[in-house]
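**Q** No letters, just coordinates:
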């Protein structure tokens, strides 16, 4: 459309990169750009995702074409018949679109950095995202590092025509439990939907399964007729001599051996965490901390797969009783007043205003929740907030490596089914577990992991700070925006506390004392403890410092408009 101009970032990565554009109609009147894929329709019959969306648009019109779209995609459709442009996101916003309005124009892109490349657009940090990341570990309310750029909501349409911009949402995840069906009928329907969701994601391309020691990832194998057709892969930041016999790696290997799958392990060199942190910040536009960035390219090379099946989420996210005041903490959203250690790291002159702004955002989140009971609110807001702002940015980091991510338990039909389940079927994923036990009791009986394959980053932080105050310089050198927001003395004291030589020390909390109890019972005991005592959340100093470093790097890259992955010399490994 000659009269329209837009800023458009990279639209596709990995196995979908060759199927991002389509022209449809007798006069080729609809032009579509897309990233990702649709699962409910057969691509081989109609072509790419862009072809499918453009054909839907031509047949059903702008108002109705999005209904029932089941997939992981984002798209832009331009219609030369009426001079309009329509942006669309999928039902979990797994593929992001970002927008901003400036000087009478709407700019949109698949990456924040593409918008920041438009030099006319002003760049001002959103301080509330800085504080929400320090306290919760992710952004909220569709915000980004730039205060004038927002991410499109999930299942949303943005319609632009004749200078007017209209936003609508074509689907919403709303927990509305219904009764009247027998438990047996629910089990049978759950089995069918879960198997269908897995089959939709393995019918095209070569796939590997990212196995952990939990239940969600093994559930993918339970829903397959022949798991040996795929390859299992896991990663570990632990040397073999440091692994727990019931850790993620050991349990994943046992699961793969039980079904006869090829099994690959990727070792994470945790000393490379600075490189991973920088790359993750760049790839996620500041929304994700380091997530073993060096793993995914090696996983792609080792497995030869186009896609990795990920089982991180499934039905029901409450683990026990929850009061209304505990809803947001249950999904990881913490008020700045609950985690004073994060708030105190900011300069005194900005603390109160940013804390007030974050509190208003959190109040709005709860106010817009349609569920009534506290447990239903947790289930509804987990998808709308934690999944949207915490897990999806990490998936985008994986996608940048060229490895596509498919999440069966986020299938639209599965989520629709889950939203109608009674609470007792959702809590602790009860119906999901019972379904897996019916499908593959041999896999379900394998004990869950009791120890994650994580690394202790404190020794690396100590070594980095010893090397010419590397941690301090990472936060503040060549970083004017960090100096605007962080209180130097408060951050320096945190660094001294974390990097002081000697044992870290441990607090004898219920979490430490009960490590010998099986995982499921431990989760239930913690849920009851939290409900009865409502303990204040405590963030370990090491984790808090890593969040400070992540946001410092995000501010540094924002100041440079994310134009260069190389950062200050001498503050760690460069990219």
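**A** Looks like it arrived, so ask away. Just so we're clear, the structure is a prediction, and the values are computed from it rather than from any experiment.

**Q** Could you check how far stretch 199-210 is from the centre of its chain?
**A** 20 Å (C-alpha atoms, centre = their mean, to the nearest Å).

**Q** okay, how far is it across it, tip to tip?
**A** Using C-alpha to C-alpha, to the nearest Å, the end-to-end distance of stretch 199-210 comes to 16 Å.

**Q** same question, stretch 322-338
**A** End-to-end for stretch 322-338, by C-alpha to C-alpha: 17 Å.

**Q** So which residues make contact with that stretch?
**A** 131, 135-138, 140, 317-318, 342-343, 354-355, 358-359, 362, 365-366, 374-375, 377-378, 381-382, 385-386, 390, 527, 530-531, 534, 536-537 (C-beta atoms under 8 Å, 6 or more residues apart in numbering). From N, CA and C alone the C-beta is placed, and that goes for glycine too.

**Q** Return the members of those residues classed as buried.
**A** When the contacts of stretch 322-338 are checked for burial by 16 or more other C-beta atoms under 10 Å, the buried set is 131, 135-138, 140, 317-318, 342-343, 354-355, 358, 362, 365, 374-375, 377-378, 381-382, 385-386, 390, 527, 530.

**Q** Wait, a strand at residue 78?
**A** Yes - residue state for residue 78 (DSSP: H, G, I helix; E, B strand; the rest coil) corresponds to a strand.

**Q** from what I can see it touches residue 84, true?
**A** Yes - counting by C-beta atoms under 8 Å, residue 78 does reach residue 84; the two are 7.5 Å apart.

**Q** on that earlier part again, now, the contacts of stretch 322-338 that are in helices?
**A** 131, 135-136, 342-343, 354-355, 358-359, 362, 365-366, 374-375, 377-378, 381, 527, 530-531 (DSSP state H).

**Q** neighbours of residue 402, just the number please.
**A** 15 (other C-beta atoms under 10 Å).

**Q** from now on call the first residue 434
**A** Okay, using 434 as the starting number, the last item reads as residue 835.

**Q** That one in helix, strand or coil?
**A** Looking at residue 835 with three-state DSSP, the answer is coil.

**Q** Leaving out the residues flanking it, which one is nearest to it?
**A** Excluding the flanking residues, the one nearest residue 835 by C-beta to C-beta, 6 or more residues apart in numbering is residue 447, at 4.5 Å.

**Q** Residue 602 too?
**A** In space, residue 602 is closest to residue 589, 5.2 Å off (C-beta to C-beta, 6+ apart).

**Q** From residue 737, how far off is residue 542?
**A** 32 Å (C-beta to C-beta, to the nearest Å).

**Q** These two: who's more crowded?
**A** Each of residue 542 and residue 737 has its neighbours counted (other C-beta under 10 Å); residue 542 has more, 24 against 9.

**Q** my read: that one touches residue 554, true?
**A** No - using C-beta under 8 Å, residue 542 makes no contact with residue 554, being 10.8 Å away.

**Q** Identify the contacts common to those two.
**A** residue 548.

**Q** in this structure, which helix or strand is least confident?
**A** For the chain, scoring each helix and strand by mean pLDDT, DSSP states H and E identifies helix 943-946 as the least confident one, at a mean of 42.

**Q** Quick one: residues contacting the residue nearest the centre of the chain.
**A** Against the mean C-alpha coordinate of the chain, by C-alpha atoms, centre = their mean, the closest residue is residue 824 at 1.2 Å. By C-beta under 8 Å, 6+ apart, the residues touching residue 824 are 745, 746.

**Q** Check the gap between it and residue 745 for me.
**A** From residue 824 across to residue 745, the span is 6 Å (C-beta to C-beta).

**Q** Strands of the stretch 584-733 of the chain, start to end?
**A** Assigned by DSSP state E, counting those that start in this stretch, the strands in the stretch 584-733 of the chain fall at 589-594, 597-602, 640-643, 664-669, 695-700.

**Q** Does residue 473 touch residue 501 like I think?
**A** Yes - Residue 473 lies in contact with residue 501 (C-beta under 8 Å); the separation is 6.8 Å.

**Q** Overlap of the contact sets of the two?
**A** With C-beta under 8 Å, 6+ apart, residue 473 and residue 501 have common neighbours residue 845.

**Q** what sits against residue 571?
**A** Residues in contact with residue 571 (C-beta under 8 Å, 6+ apart) are 565, 720, 765, 819, 822, 823, 826.

**Q** a markdown table for the residues you listed, including distance to residue 885 and pLDDT?
**A** Compiled in a markdown table, the contacts of residue 571 are given as follows (distance: C-beta to C-beta, whole Å; pLDDT from 0 to 100):
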| residue | distance to residue 885 | pLDDT |
| --- | --- | --- |
| 565 | 24 | 96 |
| 720 | 22 | 94 |
| 765 | 16 | 90 |
| 819 | 18 | 90 |
| 822 | 22 | 90 |
| 823 | 17 | 90 |
| 826 | 20 | 92 |
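
**Q** Which one of the residues you listed is nearest to residue 727?
**A** Nearest to residue 727 among the contacts of residue 571, counting by C-beta to C-beta, is residue 826 at 17.6 Å.

**Q** Figure out the helix or strand that that closest one lives in.
**A** helix 825-833 (DSSP states H and E).

**Q** which other residues reach that helix?
**A** Counting by C-beta under 8 Å, 6+ apart, 446-447, 525-527, 529, 571, 712-713, 716-718, 720-721, 724, 726, 729, 741, 743, 838, 840 sit against helix 825-833.
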